[in-house]
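Asks: Dropping the sequence and predicted coords here.
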Amino acid sequence: MASIDTGGGGGNHKGGKVRGKKMSTRVDMTPMVDLGFLLITFFILATTLNKPSSMTLNVPDKTEKVENEPIKASKVMTVFLGKNNEVHYIAGKAANEDPELKTVRFGQELRSAILDNKNRIGEQFVVVIKPTKESTYRNMVDILDEMAITKSKRYALVDVLTPDEEKLIADKLK
Amino acid sequence: MPIVKPKRSGPVMDMTAMCDMAFLLLSFFIMTAQFKEQEAAAIETPTSISGIKVPDKDIMTISLDKDGKVYFGIDNQQNRVAMLEYMAEANGISFTDQEKKKFSIQSSFGLPLNQLKSYLALKPEQQKALKQPGIPVDSTANPQTNQLAQWVYNARKANKDLRIAVKGDNLSKFPNFKNVLSSLQSQNINKFNLITGTEAPPAGWTND
């Protein structure tokens, strides 16, 4: 290794003058390089991985009343965020038309459910997201993320349940 | 006749140049590093595929922990002082210079206004140990009970370019978030960022 050079001069000659050992001034840099790179690694990891990302959320202006024509129930998929990370949804029917309430989990199941309905309904597909009291913040972010993944551009976050809807999912929230 | 043995020594490499480079890079990374500030509460954010980065400056962070407590913080120390002054003025109280200085080093806090003075009198280690009760928030915009709306208002008064980031915990319930949302909406703030961790988008997904 690049250690201190010990092949220095004499001192063990018999009879000669005793000279001081000539020491080389070479210092082994290897541990210092090791340390340097260790610290670099630490700083690289600590700085770049620390930065969180963010998703933008736009909510409609409350003060401004815009009269939209009501969306047809046949084009809407209503997603209820229930408890224990369950998602209940109805598609194509309003809550008072005795729709079939399906329950899926987050992840692949939910994604394929959204994509199925999106393909079936086509261009005018609208997702209405209704988080219930039991749902968590994580559920909400996950469903918004699902919207981004499935490229569903038209969605609305609504936190009021109609009486019909409440009746529909009442037993799921117990 | 003695055999002349060649002197044995391992391969020698001059590490000096490598060492120079390592420390050059090290000093660069140290100088550019931005350290995580002491947070009032530990918050585990959900993940999303969104690739937008949180801006470094002019940012107001509203944190929501798993018990539904709300913490508030803005980024610049001068602005923190200005915000505190506006807030004190609006509520008819005053803070000493020392209290303002102590307030300016808090990256976020979660206390009702009437407890802030006694909190600022504590030593840093006592501040750390104290469980903060969270800023009072409710679903109305009533300034008496919704102090978050007041803080947001005064923070924006101190720095009009502030962008709003909401950082919620995985387990916090939706109604808590709704209260935060309505205190922002009551001031006509309709656009904000949700801070999330980063996760890889599913295979084949493209951003368009």
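Replies: Yep, it's here.

Asks: which stretches of chain A form helices?
Replies: With DSSP state H, the ranges of helices along chain A come out as A:30-48, A:108-121, A:137-149, A:163-169.

Asks: do you know which of the ones you listed lies nearest chain B?
Replies: helix A:30-48 (3.0 Å; C-beta to the nearest C-beta). Glycine gets a C-beta too; all of them are placed from N, C-alpha and C.

Asks: ok, the closest one near chain B or not?
Replies: Yes. Under the criterion of C-beta under 8 Å from any C-beta of the partner chain, chain B is reached by helix A:30-48 at A:Thr30, A:Met32, A:Val33, A:Gly36, A:Phe37, A:Leu39, A:Ile40, A:Phe43, A:Ile44, A:Ala46, A:Thr47.

Asks: I'd like to know which of these are buried.
Replies: By neighbour count, with 16 or more other C-beta atoms under 10 Å in any protein chain shown, the residues of helix A:30-48 next to chain B hold A:Met32, A:Val33, A:Gly36, A:Phe37, A:Leu39, A:Ile40, A:Phe43, A:Thr47 as buried.

Asks: Single out the most deeply packed of the helices of chain A.
Replies: helix A:137-149 (a mean of 22; mean count of other C-beta atoms under 10 Å in any protein chain shown).

Asks: thinking again about what came up before, turn the helices of chain A into a markdown table, including mean pLDDT.
Replies: Compiled in a markdown table, the helices of chain A are given as follows (pLDDT from 0 to 100):
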| stretch | mean pLDDT |
| --- | --- |
| helix A:30-48 | 84 |
| helix A:108-121 | 85 |
| helix A:137-149 | 85 |
| helix A:163-169 | 78 |
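
Asks: Tell me which other helices or strands the worst-scoring helix or strand of chain B on mean pLDDT touches.
Replies: Every helix and strand of chain B was ranked by mean pLDDT, DSSP states H and E. The lowest is strand B:52-53, at a mean of 78. Judged by 3 or more C-beta pairs under 8 Å, 6 or more residues apart in numbering or on different chains; DSSP states H and E, the packing partners of strand B:52-53 are strand A:53-58.

Asks: how about a cut-off of 10 Å?
Replies: strand A:53-58, strand B:191-198 (3 or more C-beta pairs under 10 Å, 6 or more residues apart in numbering or on different chains; DSSP states H and E).

Asks: how distant is that strand from the center of its chain?
Replies: Here strand B:52-53 is found 15 Å from its chain centre; the criterion is C-alpha atoms, centre = their mean, to the nearest Å.

Asks: who touches the residue nearest to B:Gly134 when sequence neighbours are not counted in this structure?
Replies: Nearest residue to B:Gly134 in three dimensions, chain neighbours excluded: B:Lys69, at 2.9 Å (C-beta to C-beta, 6 or more residues apart in numbering or on different chains). Contacts for B:Lys69 were tallied using C-beta atoms under 10 Å, 6 or more residues apart in numbering or on different chains; they are B:40-41, B:63, B:110, B:131-135, B:137, B:169, B:172, B:176.
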